[in-house]
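1. Below is the sequence, then the predicted model.
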Number of protein chains: 4
Amino acid sequence: MIKVGVLGATGYAGIETVRILLNHPEAEIVRVVSQSFVGQKLSDVYPNLRGICDFECCALDEDDIAENCDLVFTALPHGASKVVIPSLYKKDVKIIDLSGDFRYNDPKVYEQWYGEPHSAPDILAESVYGLCELHRDEIKTHTLIGNPGCYTTCSIMGLAPLVAEKVADTKSLIIDAKSGVTGAGRSASLPNIYCEVNESLKAYKIAAHRHTSEIEQELSLLAGEDIILSFTPHLVPMQRGIFATCYANLNKKLTTEEAVKIFKDFYKGEKFVRVYDAGTLPEIKNVAGSNYVDLGIVVDERLNRAIVISCIDNLVKGAAGQAVQNMNIICGLDESTGLSSAGMYL
Amino acid sequence: MIKVGVLGATGYAGIETVRILLNHPEAEIVRVVSQSFVGQKLSDVYPNLRGICDFECCALDEDDIAENCDLVFTALPHGASKVVIPSLYKKDVKIIDLSGDFRYNDPKVYEQWYGEPHSAPDILAESVYGLCELHRDEIKTHTLIGNPGCYTTCSIMGLAPLVAEKVADTKSLIIDAKSGVTGAGRSASLPNIYCEVNESLKAYKIAAHRHTSEIEQELSLLAGEDIILSFTPHLVPMQRGIFATCYANLNKKLTTEEAVKIFKDFYKGEKFVRVYDAGTLPEIKNVAGSNYVDLGIVVDERLNRAIVISCIDNLVKGAAGQAVQNMNIICGLDESTGLSSAGMYL
Amino acid sequence: MIKVGVLGATGYAGIETVRILLNHPEAEIVRVVSQSFVGQKLSDVYPNLRGICDFECCALDEDDIAENCDLVFTALPHGASKVVIPSLYKKDVKIIDLSGDFRYNDPKVYEQWYGEPHSAPDILAESVYGLCELHRDEIKTHTLIGNPGCYTTCSIMGLAPLVAEKVADTKSLIIDAKSGVTGAGRSASLPNIYCEVNESLKAYKIAAHRHTSEIEQELSLLAGEDIILSFTPHLVPMQRGIFATCYANLNKKLTTEEAVKIFKDFYKGEKFVRVYDAGTLPEIKNVAGSNYVDLGIVVDERLNRAIVISCIDNLVKGAAGQAVQNMNIICGLDESTGLSSAGMYL
Amino acid sequence: MIKVGVLGATGYAGIETVRILLNHPEAEIVRVVSQSFVGQKLSDVYPNLRGICDFECCALDEDDIAENCDLVFTALPHGASKVVIPSLYKKDVKIIDLSGDFRYNDPKVYEQWYGEPHSAPDILAESVYGLCELHRDEIKTHTLIGNPGCYTTCSIMGLAPLVAEKVADTKSLIIDAKSGVTGAGRSASLPNIYCEVNESLKAYKIAAHRHTSEIEQELSLLAGEDIILSFTPHLVPMQRGIFATCYANLNKKLTTEEAVKIFKDFYKGEKFVRVYDAGTLPEIKNVAGSNYVDLGIVVDERLNRAIVISCIDNLVKGAAGQAVQNMNIICGLDESTGLSSAGMYL
């Protein structure tokens, strides 16, 4: 049994990590840390857990964590991870960090997009980017995982096959992404209230969203060249889900069927990746509540342009589910342990 | 391993039964029957199941079912159950029926509310009403279970303690119930389309909904007297959930705390019933996706009237979850097997 | 042209008042007061108004208001009205107050439900309760109107005919009310954020909501006896609307048709009241965006109990629309001036 | 007073036309045609109109229409317009057609996208494309208007300035469009029901949606060269609104401010077009319920690519509102008559 701590358990990514771990046969939650709710039961903050997980939230005590936990998930507010993680890492706790702090190969990229130097570049250098399907082997040998962002996972997986197989014009990449509202977190800010979000739709941080840099890092790696691209996030009135519509001009003529085959080959054997046959397309309903990535491809032959639809649940494959998938990898478990639930559909 | 068939698998109650069974460690789905989709994969109709349950839907063949299934869930359109079930029952298949056809002690009550005589009163006489918390012992010894309706489960469980303990004026009972839209099933009718339901709210079948008769049957049993009451169903723009606001004048002075204690005592030891402490109230979010019944009680001391809030997920405790709970009971398994998931909250 | 000021213009009730006044042919907005957005354009706070109403929000200056406005709508936070209004009232400005501060005939009732003595009982004594259909004649002769609450308008209008005509058992009244989320106002509080409200349903302040006292005051007046009753508010995931399901035991046998006739007679000639024929029921969709009150009645003959459905738009008939209707009355205009729009339906 | 008939009044575009005309001071509805509801009151089909528009729906009688109507709006199912309109046109009725049948300059383009030859090419030749801001002068002199589609209006207006001013690389145009569900019309089809649409998101008809051809026709005209482009429609769980995210590589370096200026110049004096200042972006909330087109522009200087956000209400500027705007133009009225309402915001 892996003894697990969840730091930042009362945010939406944290509580989803708890929810998934409660169904995990090989992991046991032993510490639940939430600075905002110290001394309260987790099930008073999230009453869906009453009678299921009545743990008391505690304050962060690194020694206590190091002593009692084999592995921690850190779902802390931006910037907090950088402070906590180096110390835990040095105490030999395995760490899966859900923040943006340990996702970069190059601290300069971090600095460019986050507006400040990285405070622990040495620790950053020992982390690995936890997109399981692309970095499985490295993940196995590391104990600090920078768990990818939700937009990022969805976007990278939508374009990876075309870029890796060199059939995409890398100057033409555009990702038009749509997110459910859980992506904005559990924060009581005005733009986040029901009547401002419901029955509306908006774009935000156009040409400026930090996840752009993660996507560029990973696609550049796959391409073997520097890629820059357009990434446009939108907020959609629904709870869960990231939907990325990805555009890529093709270097060579391909039919939709041929493009689908490239995807099926690239993701062959991947349990959590479902490539749709030509003529069918994924929807958020099909993935919400699950760890799956659903991919649909259309080639517009008039324009010789591929349009790829990539769908995930932002809280699962885009956060807590992939984090648990990473735990399974670094702990030598079957990768899908505790993650095999189908999406809810309803 | 219990070999299970699901009849009517492509309706919303049917597919939820499939979804829950896929996580059940002691049951194995061996037949999936859907007259509308014979020959199609279940995962083409519900793509959330791709790679998880790619069974082909088959037509109903009673001999094949009897030969291969220990137990079937019948989630058939209204009226269809009455035709199919007697024959399966005689072939010694255990049956949990999600329709209204086998929920009555008295075929005359069926006739009164359904507008036609019951076609199999002899079989009806051998069935038991599958509200697990109230009829557990009878369920154990029966093989045909009339699984209760969604409104019914929620309403009965909200009033049962007050009625059984004789503290409610049985002439004053009012149930104002609100349902999510999955309750209307997967039917392409105009009142069911998005733009007619969304951003609206309506009541329907006031003083005339069939579930009234189930509620009256069960509360009368508990009271030892004939009860008739008001039941008002409403349609709410959300996917899952039944929320019943129940009103009962009290025969004697009670504080909220005393009333809460009556509920806690009545449901003592019940895994799936959560009685909230005085001052806190349940919400749909806390139960959606789970088999829990959440109950909150307030006594209005000005009026000496109790107001009880009862919340369930209509597809789980109100249909598929309770059906699986019934399977667990009649098969001698721990009652919560395969049903221990927390609600999704998000 | 009536020169109008809107105080508290950037809350939801305030901005709806502005929106309605912009289509009013006899009123002209001359001052827009918002303490939170002094110096900003109203159309920067609510960009739907760009190019339509680019007024700058100003701070409250009572002398300036008195000098430039014939009439003001005060849509201020709770408690603020009591401070501002006495002074404006003494300066001879006509006032329609959307807060709860000037809705009571008896300051002791205010104290009982608001938990503090009323600070201006002398001014309170000069105000009139602005439920237009019930107090039209008094409104004509007053210049300070306590505009009714949203739950209140909907509930009173649903029960008034039965109470006034003495056919209801006044000890049996129950109002189960459901509100859209705009009723919670534009406040960035955690329970108000999208992911906490969406796909859920809850009751709150059971047996303790302040609007109960307004409903009791008005129904007692109509009955000529003291009435106390149950009022249970619920929050529904939709933007606009109040839906009240009202229960009353009947003193005498009535058919649904007879009950409908009582309603049609009671509201005869009322432009904004639509009583539905027996067999049809109102829905929120039919009133949202309009000043109408839609009423549907069913008598449950088994129980000799009437169930009345009352629907309004909480922001229009429940706040800004009725406020403008009050302005029309006290200014001698046709009561429906600027208020004749149909609901949006979509 | 213009005497107006609405053909196909009970569809969503038809009923929105009725709703808008009811507030129009210079038009009077004299005939309401709905084949599905002949003999029923319009206000029984849409009860929001009770007491406001209790017209009876009649069957189509061309002679009666020609005799009594100066102008008709035809909001008929696809294909029906082609049959009805030639005959009405020959009887000298002014026609604003909301279908796709009279939107093309070249019947071959119609045939290519609609899969059958146009049945009235001679009448088609006498129609004009009713995008008011681009074809105002021609509209004035025509009596048959092909009112543009919803996706079309939104997309063309988002890209027109860049294309007309020759700053866009016309080979790089991509329109990623998102629609509210009213766009799917009032049809009781399975994909249209609440539980299939809610809490989900999907793309459809990728590289194959008919509106693509309208967009290409109009942008080609503006560019003076043949343009083909990507158009990807998505369905979003909200009622009203089209949101187009438009991508165009730039031929020359531009800042966001310079690009905004191009838009402001291009749409100078246009009452219904609101170009946002650099740094602010439109949202659906700001236009829903109104005839406005809101435009926001960002230049991604890293990529020298413009991203334009274009928002409209699909039922208003995308259908009924623009239809009334066209009526105003051809009848010599002020173009905004009856159309000046602000969006609802809430």
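-> Sure, I can see it.

2. Which stretches in the stretch 51-200 of chain A count as helices?
-> Assigned by DSSP state H, counting those that start in this stretch, the helices in the stretch 51-200 of chain A fall at A:62-68, A:80-90, A:107-114, A:121-124, A:132-140, A:150-164, A:194-197.

3. which of the ones you listed sits most buried?
-> With neighbours defined as mean count of other Cβ atoms under 10 Å in any protein chain shown, the helices of the stretch 51-200 of chain A peak in mean count at helix A:150-164, which reaches a mean of 27. For glycine as for every other residue, the C-beta is placed from the backbone atoms N, C-alpha and C.

4. Show me what it is packed up against.
-> Contacting helix A:150-164 under the criterion 3 or more Cβ pairs under 8 Å, 6 or more residues apart in numbering or on different chains; DSSP states H and E are the following elements: helix A:132-140, strand A:174-179, helix A:211-223, strand A:230-235, strand A:242-249, helix A:256-266, strand A:293-300, strand A:305-312.

5. And chain C, is the fifth one touching that?
-> No - using Cβ under 8 Å from any Cβ of the partner chain, strand A:242-249 stays clear of chain C, coming no nearer than 15.0 Å.

6. Up against chain B, what does chain A have?
-> So chain A meets chain B at A:12, A:15-16, A:19, A:22-23, A:46-53, A:182, A:199, A:239-240, A:271, A:274, A:280, A:282-283, A:285-287, A:289-290, A:292, A:294, A:315, A:340-346 (Cβ under 8 Å from any Cβ).

7. Buried among the residues you listed? Need that as a selection in PyMOL.
-> Buried members of the residues of chain A next to chain B, defined by 16 or more other Cβ atoms under 10 Å in any protein chain shown, are picked up in PyMOL with:
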select buried, chain A and resi 12+15+16+19+22+23+46+47+48+49+50+52+53+182+199+239+240+271+274+282+283+285+286+287+289+290+292+294+315+340+341+342+343+344+345+346
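
8. Ignoring the adjacent residues along the chain, who's closest to residue A:297?
-> Nearest residue to residue A:297 in three dimensions, chain neighbours excluded: residue A:259, at 4.7 Å (Cβ to Cβ, 6 or more residues apart in numbering or on different chains).

9. contacting residues around the one you found?
-> Contacts for residue A:259 (Cβ atoms under 8 Å, 6 or more residues apart in numbering or on different chains) come out as A:162, A:167, A:297, A:299, A:306.

10. mind redoing it with 6 Å?
-> Contacts here follow Cβ atoms under 6 Å, 6 or more residues apart in numbering or on different chains; on that basis residue A:259 touches A:297, A:299, A:306.

11. Highest neighbour count among those residues?
-> When the contacts of residue A:259 are compared by neighbour count (other Cβ atoms under 10 Å in any protein chain shown), residue A:297 ends up highest, at 29 neighbours.

12. thought it was touching residue A:260?
-> Yes - counting by Cβ atoms under 6 Å, residue A:297 does reach residue A:260; the two are 5.2 Å apart.

13. What residues does the stretch 151-300 of chain A have near chain D?
-> By the rule Cβ under 6 Å from any Cβ of the partner chain, the part of the stretch 151-300 of chain A lying against chain D is A:174, A:176, A:178, A:195, A:199-203, A:206-207, A:228, A:230, A:232, A:236-238, A:243, A:245, A:247, A:283-285, A:298, A:300.

14. Recalculate using a threshold of 8 Å.
-> Within reach of chain D by Cβ under 8 Å from any Cβ, the stretch 151-300 of chain A has these residues: A:172, A:174, A:176, A:178, A:195-196, A:198-204, A:206-207, A:228-230, A:232, A:234, A:236-241, A:243, A:245, A:247, A:281-285, A:288, A:296, A:298-300.

15. Check the residues you listed for burial and list the buried ones.
-> By neighbour count, with 16+ other Cβ under 10 Å, those hold A:172, A:174, A:176, A:178, A:195-196, A:198-203, A:206-207, A:228-230, A:232, A:234, A:236-241, A:243, A:245, A:247, A:281-285, A:288, A:296, A:298-300 as buried.

16. show me where pLDDT drops low in the stretch 201-346 of chain A?
-> Residues of the stretch 201-346 of chain A meeting the criterion pLDDT under 70: none.

17. Report the contact partners of residue A:244.
-> Contact analysis of residue A:244 by Cβ under 8 Å, 6+ apart lists A:151, A:154-155, A:158, A:175-178, A:308-311.

18. Using the three-state scheme, assign residue A:335.
-> Here residue A:335 is coil, with the state taken from DSSP: H, G, I helix; E, B strand; the rest coil.

19. For it, the count of nearby residues, please.
-> Neighbour tally, residue A:335, other Cβ under 10 Å: 18.

20. and what of residue A:71?
-> 19.

21. From what I see, it and residue A:96 are in contact.
-> Yes - counting by Cβ atoms under 8 Å, residue A:71 touches residue A:96, with 7.0 Å between them.

22. which residues are in contact with both of these two?
-> residue A:327.

23. ok, and residue A:17, which helix or strand is that part of?
-> Using DSSP states H and E, residue A:17 sits within helix A:12-22.
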